[in-house]
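Asker: Sequence and predicted model, in that order:
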Amino acid sequence: MKKSIKNKDIVLTGQYLGVVEEFLPDKQSSYIKDGKIFATKTGIILIDKEKKKIEIKSHQEKDRKTVKVGDIVIGTVLFLRQYSIGITFHTINNKLHFNSSYFGNTHVSQISHKYIDKISDAFQITDILRAKVIEQTSNEFKLSTVGKNLGVIHADCVICGTALEKVGYNKLRCSRCGNIETRKLANDYGNVNEILRY
């Protein structure tokens, strides 16, 4: 019988980790063959003894260029539909992605805790927003802006194109033409302070 690994052990891709009777494997970092669990990446083992879960964390996690559920993305609103918006990604977990092919949708039910009557009351084309990845379907991602730190972080006036200033919980004002607009704002709108890396 092969020896099971211990918490904080370093493992290699393909290494035996244990059996399914012993641990619940993590789909992102392990696979099952004939009831045995094997590593799909090199890294440090983390064992949750209460849940009997096993997971592998690696330095590759910080540098990955793929999108996973739970990631925080910043992107631009490309279009508005009746019940959703389309967003192209620029950053994933504060990591810049030039010419990114990643694309996401936010459904009206995932915009805010509050009821949204019209999507145009929450977002406009060219708004830059922060959102959380909540689901993946093939090469498209479902996003949510529910939460204080999620939502629009930069918006321009729909009339003259000047950057809008925050004047209320969800209100923005154009300093040039005086136009007032509403958005689903992140709590740091106009004061975004994130260290982005490539």
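Answerer: Received the coordinates, thanks.

Asker: since we're on Lys148, how many residues are nearby?
Answerer: Here the count is done by other Cβ atoms under 10 Å, and Lys148 has 10 residues near it. For the C-beta atoms, the positions are set from N, CA and C on the backbone; glycine is no exception.

Asker: Repeat that for Thr106.
Answerer: What Thr106 shows, counting by other Cβ under 10 Å, is a neighbour count of 30.

Asker: before we move on, what about Leu196?
Answerer: Residues lying near Leu196 (other Cβ under 10 Å) number 10.

Asker: Test my guess that it contacts Thr91.
Answerer: Yes - the pair Leu196 / Thr91 is scored as a contact, 5.9 Å apart, by Cβ atoms under 8 Å.

Asker: Domains in this protein, by residue range?
Answerer: Following automatic domain parsing, one gets these domains for the chain: 10-62, 72-182.

Asker: Looking at those, which one is packed in the most?
Answerer: With neighbours defined as mean count of other Cβ atoms under 10 Å, those peak in mean count at domain 72-182, which reaches a mean of 17.

Asker: follow-up on the earlier one: for Gly190, find the nearest of the domains of the chain.
Answerer: Shortest distance between Gly190 and the domains of the chain, using Cβ to Cβ, is found for domain 72-182: 5.2 Å.

Asker: Centre of the chain to that closest one, how far?
Answerer: 13 Å (Cα atoms, centre = their mean, to the nearest Å).

Asker: what does stretch 39-56 give?
Answerer: The answer for stretch 39-56 is 22 Å, by Cα atoms, centre = their mean.
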